[in-house]
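Visitor: whatever this is, show me its structure:
(2 chains)
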Amino acid sequence: MPTTTDPHAAAGDGTAAAVPAIRFENVEKRFGDNVVLKDLNFEVAKGDRVTLIGPSGSGKTTILRLVMTLESLSEGYIYIDGEPLTHELRDGKRVARSEKAQKQIRKRIGMVFQQFNLFPNMTVLENIIEAPVHVLGQSKAEATKRAMELLESVGLPGKANAHPLQLSGGQQQRVAIARALAMDPDILLLDEVTSALDPEIVGEVLGILRHIAETTDITMLIVTHEMQFARDVSNRVMMFDGGRVVEEATPDVMFTNPQHERTQAFLHAVLGSGDGHIGTH
Amino acid sequence: MESNFEALAEAWPRILDGLWITLQLTLGGALLAMVIAVVLGLGSRLHNIVLRGLCRAIMEFFRGTSLVVQLFFFFFVLPQLGLALPAMVCGILGLGLNYGAYAAEVVRGSINSVPTGQWEATTALSMSKSQQMIRVIFPQAWALMIPSLTNYLIHMLKGTAIVSFITLADLTYHTEQLREQTDTFFAYGVSLVIYFVIAYILTLIMNALEVRAKHRLGRGESLREALTPKTPETAAAEGGRKA
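Guide: Here you go, the predicted model:
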């Protein structure tokens, strides 16, 4: 994937029409001696829904965690709306950006986790309004109003005063989605959001995410094992293996006619059907 | 035996005075210890190696020196350096620093035990470091640290018995006086009972705090539920030590 925009020209000004929402430039991530991502370059356009697929250990989740600044970047740069996220090139040197600068960008990014990670010391409502009130400075009334709308939209209007641990996994995850949306993110990162759920409630969570995909223009970066969901929601699928992009295509092409041998083998194993097509589930 | 109880009745007001001194020391020491524990506990997690090192050094110093010697130092040495503090202040200072240094390790450990996902969620919501700690991490760590803090609180109550060395007439001092009018068995027996009763009351209070803290995290019954159908004994048995 060649990069089309010059990072320095794009940085900081929003005039260029095609500034990608997310851009990875020569990204490398190491954990000790273990290189998880190597020389990774890719872009996600604004409003894109990109699903990352691949075997576990292929670095998909690490990509989301790098965007959320939960991991430190070993080499390279990540740009959000053309603005460097954690590191920038200044006078020919790669330097870390200030925490303040990072926080300004981070506010535009939301993440939903595999394990929900709701705050058990707060009620459902408090979980949702916490950051809007204390980070964005919204009034409590304003944040509560929005939180109630969000709870309604995720199908949990009566659960505002419940404690997270009183809810089922599926309900907790729906609250977590509402909590992320309450920050009005430009970018939403979904990290295996259904992997910890019972199979029969996976559908309700995916249904909500589908609805969000249809009704908003939030850029989404998705790691999932739910191939049908990937196919329904995303407009691009990237196949990862060994920290590199093996293949990238629209979901239609990727799931019906994958070109790369590695992709074919992976999809065959995951979908468990001979022809590589996705059935309904 | 009759005369023992008469002597006790006669000495009782003084014993209550001593008890009051003991309670002041325990509560004052506990409050100071908690402040020190939180400051040092948080400080020993800092990135800045100088501040972290300083916190660890203070912790190790006050943990590693005898409480009696610390009290002597505050009471007898500081005046020579031009800083004469009242005995009560010296007592609270010594107890607070000593037990605060121990409890700092509990605070640090409990904070580290809060699941990583909680920290990550605060980052994903762009919360600042202080919001993260005050609003999310500490309230969860608090429930984890109470059992160990209870232990130190009881230790501290008993530790106050040495303040008679720095002229404070506490419970131990007055039961010692009682011994001169009664006998060893009786006087120390009374002393044991009084210390035990106070320690037990403190344990019950701390258990109540633990029930409340856990309930706030959505685990276990509320304090009201815990108190209604059951006797305090069962609550104490449940509380105790869970790491």
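
Visitor: residue A:58 belongs to a strand, doesn't it?
Guide: No: counting by DSSP: H, G, I helix; E, B strand; the rest coil, residue A:58 is not found in a strand; it is coil.

Visitor: now for it: which residues touch it?
Guide: A:240-243 (C-beta atoms under 8 Å, 6 or more residues apart in numbering or on different chains). From N, CA and C alone the C-beta is placed, and that goes for glycine too.

Visitor: same question for residue B:33.
Guide: By C-beta under 8 Å, 6+ apart, the contact list for residue B:33 reads B:95-100, B:103, B:152, B:156.

Visitor: from the residues you listed, which single one is nearest residue B:142?
Guide: residue B:103 (12.4 Å; C-beta to C-beta).

Visitor: list the contacts for the closest one?
Guide: Residue B:103 touches B:33-34, B:36-37, B:41, B:148-149, B:152, counting by C-beta under 8 Å, 6+ apart.

Visitor: per-residue pLDDT, residue A:34?
Guide: On the pLDDT scale, residue A:34 is placed at 90.

Visitor: neighbours of the closest residue to residue A:174 other than its chain neighbours, how many?
Guide: Of all residues not flanking residue A:174 in the chain, residue A:154 sits nearest, at 4.0 Å (C-beta to C-beta, 6 or more residues apart in numbering or on different chains). The number of residues packed near residue A:154 is 25, by other C-beta atoms under 10 Å in any protein chain shown.

Visitor: isn't residue A:154 up against residue A:207?
Guide: No: using C-beta atoms under 8 Å, residue A:154 is not in contact with residue A:207; the gap is 9.8 Å.

Visitor: C-terminal to the strand or helix carrying residue B:36, what's the next element?
Guide: Per DSSP states H and E, residue B:36 falls inside helix B:2-43. Later in the chain than helix B:2-43, the nearest helix or strand by DSSP H and E is helix B:49-64.

Visitor: buried residues in that next one, which are they?
Guide: B:55, B:58-59, B:62 (16 or more other C-beta atoms under 10 Å in any protein chain shown).

Visitor: roughly how far out does the following helix or strand past that helix sit from the chain middle?
Guide: Note on helix B:49-64: by DSSP H and E, the next helix or strand toward the C-terminus is helix B:67-72. How far helix B:67-72 lies from its chain's middle: 17 Å, per C-alpha atoms, centre = their mean, to the nearest Å.

Visitor: give the rounded mean pLDDT of helix B:67-72.
Guide: Rounded mean pLDDT across helix B:67-72 is 92.

Visitor: what's the answer for stretch A:187-200, then?
Guide: The average pLDDT within stretch A:187-200 is 92.

Visitor: what of stretch B:144-157?
Guide: 95.

Visitor: isn't residue A:109 up against residue A:180?
Guide: No: here residue A:109 lies out of contact with residue A:180, judged by C-beta under 8 Å, at a distance of 9.4 Å.

Visitor: give the residues shared as contacts by those two.
Guide: Both residue A:109 and residue A:180 are contacted by A:188, B:124, under the criterion C-beta under 8 Å, 6+ apart.

Visitor: what's around residue A:39, how many residues?
Guide: Neighbours of residue A:39 (other C-beta under 10 Å): 14.

Visitor: phi and psi next, for it.
Guide: Backbone torsions of residue A:39, given as degrees, to the nearest 10, read phi 50, psi 50.

Visitor: for the one 5 residues further on, same thing?
Guide: Note on residue A:44: backbone dihedrals following degrees, to the nearest 10 are phi -120, psi 120.

Visitor: name the helix or strand for the nearest residue to residue B:175 once chain neighbours are set aside, please.
Guide: With C-beta to C-beta, 6+ apart as the criterion, residue B:175 has its nearest non-adjacent residue at 3.9 Å, and that residue is residue B:191. Per DSSP H and E: residue B:191 is located in helix B:184-216.

Visitor: helices or strands up against the helix or strand that contains residue A:133?
Guide: Residue A:133 is located in helix A:124-134, with elements delineated by DSSP H and E. Packing contacts for helix A:124-134, counted by 3 or more C-beta pairs under 8 Å, 6 or more residues apart in numbering or on different chains; DSSP states H and E, involve helix A:140-153, helix A:169-181.

Visitor: how many neighbouring residues does residue B:9 have?
Guide: Neighbourhood size, residue B:9 [other C-beta under 10 Å]: 9.

Visitor: surely residue A:105 touches residue A:82?
Guide: No: using C-beta under 8 Å as the test, residue A:105 is too far from residue A:82 to be in contact (10.6 Å).

Visitor: one step back: so who does the residue nearest to residue B:175 touch?
Guide: Under the criterion of C-beta under 8 Å, 6+ apart, the neighbours of residue B:191 are B:171-172, B:175.

Visitor: in strands, which of those residues appear?
Guide: Assignment to strands by DSSP state E places none of these there.
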